[in-house]
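I'd like to go over a predicted model; first the sequence, then the structure.
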Amino acid sequence: MVVLGIVMLYSTGAYAKDARGDSFFFLKRQLMWLGIGFVACLIASHVDYHFWQKTWWIWLALSVVLLALCFIPPIGKRINGSNRWITLGFSNFQPSELAKLAVAVFLAWWFSRHEASAGKFRKGFAYPMMVVSVLLGLIAMEADIGTTALIGCAMVLVLFIAGTHIAYLGSMVIAGLAAVGTAIVLMPERMGRFLAFLDPEKYPADAYQTLQGLIAFGSGGITGLGLGNGRQKLSYLPFAHTDFIFPMVGEELGLVFTLLVVLSYAIVAVAGTLMVLRARDRFGLLLGFALLTMICLQAIVNIGVTTSLLPNKGMPLPFISYGGSNLLFCLLSVGILINIFRQGLAEKTMMPAYKMRARTTPRI
């Protein structure tokens, strides 16, 4: 998927409006982040994953600080009406990607420490919800409803696996849906996207990206127009190198490659689950599941949006879309998953650690 992303970025990046006259501007930046991500993946795969358990508070505090800096110029950078980035000098960084890691580490640490209280209201629901809500609130203030919903959905699944009472989770889901609905009503741009999702032909201006993406899929057919021969990237399809790179795969490489991409994410989900089930302890199980969930949910959302199955939401396709922060998070997550799996294999028995424990076990 990473290789496919580099190839498609080479094909589409030169036509992006922010290419700054350099045909390889986005490609060079993505290769730089790929190098950083590969090193992070390599290190994470060799460092004991309990390192994250000991330093959970650092990532949580750092996420809060960086998310707050998004609103303070000139460090924070406003792009396309959203305050999601901070300037690092050589590139922009999206702190919400670090927040994903912080939430995963925190929840894994919390429920590995309070395993016996997972079904109770305060320690099994209220306290962790209060902590994560700080991050979710800051991300929502950036006008990044999609990432807020993504982390919220991942949190619900992790709490379910950890053993939180189903009634508490139900109330959380209802509150989350109400919050998203309120945000859609109060933000005209989001309301336009939602109405365009319900009836694209009636709201062609708001559904422009979606309609152009569908045209790209249709133009590609089964075998595609050929690498580099796509037409939608010629200023017809905005963000063809980022959030809507999947339709470009369909236009240039055809249905065969789009199905291979979907199959690749299915393999990641299955293989990742099998790796997580080898975790030697509860912390590794929950951490691996949280990271894997965020990657897979993000892929589902992006593919759903670009195929008009979900309302339009700017969210990159993991490993493939242009976006250094997201690529770094995904590769780091893979490294952590590898370490969890390797330590599980090192155990004398191959039975998952949580099955050997006599205490309350997470739902699986």
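Done, it's in.

Work out for me the element residue 205 sits within.
Residue 205 belongs to no helix or strand when assigned by DSSP states H and E.

what residues are up against it?
192, 196 (C-beta atoms under 8 Å, 6 or more residues apart in numbering). For glycine as for every other residue, the C-beta is placed from the backbone atoms N, C-alpha and C.

Mind pulling up the pLDDT for it?
At residue 205, the pLDDT value in this model is 76.

likewise residue 356?
Predicted confidence (pLDDT) at residue 356: the value is 45.

Same check on residue 201?
Among the per-residue scores, residue 201 shows a pLDDT of 76.

Give me the neighbour count for it.
Residue 201 has 8 neighbouring residues, counting by other C-beta atoms under 10 Å.

in a strand, that's where it is, yeah?
No - applying DSSP: H, G, I helix; E, B strand; the rest coil, one finds residue 201 to be coil, outside a strand.

Now the residue nearest the centre of the chain: which helix or strand?
In the chain, the C-alpha closest to the average C-alpha coordinate belongs to residue 298, at a distance of 4.2 Å (C-alpha atoms, centre = their mean). Residue 298 is located in helix 282-306, with elements delineated by DSSP H and E.

what's the angle between the helix or strand following that helix and helix 282-306?
Stepping forward along the backbone from helix 282-306, the first helix or strand reached (DSSP H and E) is helix 324-345. Interaxial angle of helix 324-345 relative to helix 282-306 (axes from the mean of the first three to the mean of the last three C-alpha atoms, to 10 degrees): 140 degrees.

Is residue 59 in contact with residue 105, as I believe?
Yes - judged on C-beta atoms under 8 Å, residue 59 makes contact with residue 105 at a distance of 5.6 Å.

Which one of these two is surrounded by more residues?
Residue environment comparison for residue 59 versus residue 105 gives the larger neighbour count to residue 105, 27 against 18, counting by other C-beta under 10 Å.

so what's the more buried one up against?
Counting by C-beta under 8 Å, 6+ apart, residue 105 touches 52-53, 55-56, 59-60, 287.

So which of these is surrounded by the most neighbours?
Within those, neighbour counts (other C-beta under 10 Å) peak at residue 287, which reaches 31 neighbours.

what's the average pLDDT for the helix or strand harbouring residue 6?
With elements delineated by DSSP H and E, residue 6 resides in helix 2-12, which encompasses its position. Confidence over helix 2-12 (mean pLDDT, whole number) is 92.

Same question for the helix or strand just after that helix: list its buried residues.
Of the helices and strands lying after helix 2-12 in sequence (DSSP H and E), the nearest is helix 25-46. Buried positions in helix 25-46, judged by neighbour count with 16 or more other C-beta atoms under 10 Å: 26-27, 29-30, 33-34, 36-37, 40-41, 44-45.

who's in contact with residue 241?
Residues in contact with residue 241 (C-beta under 8 Å, 6+ apart) are 8-9, 12-13, 16, 26, 233, 248, 321-322.

Name the SS class of it, please.
Residue 241, by the three-state scheme (three-state DSSP), is coil.

what are the phi and psi angles of it?
Dihedral angles phi and psi of residue 241 (degrees, to the nearest 10) take the values phi -100, psi -10.

Low-confidence bits of the chain, can you list those?
17-21, 81, 189, 348-364 (pLDDT under 70).

between the longest helix along the chain and helix 2-12, how many degrees?
Of all the elements of type helix in the chain, the one with the most residues (DSSP state H) is helix 245-276. Angular relation of helix 245-276 and helix 2-12 on a 0 to 180 degree scale: 170 degrees, by the same axes, to 10 degrees.

measure residue 223 to residue 229 for me?
When C-beta to C-beta, to the nearest Å is applied, the distance between residue 223 and residue 229 equals 12 Å.

oh sorry, the question was meant for residue 87
Using C-beta to C-beta, one gets 36 Å for the distance from residue 87 to residue 229.

residue ranges of the helices in the stretch 51-200 of the chain, please?
For the stretch 51-200 of the chain, helices defined by DSSP state H, counting those that start in this stretch occupy the ranges 56-69, 95-113, 121, 127-141, 145-162, 166-186, 188-198.
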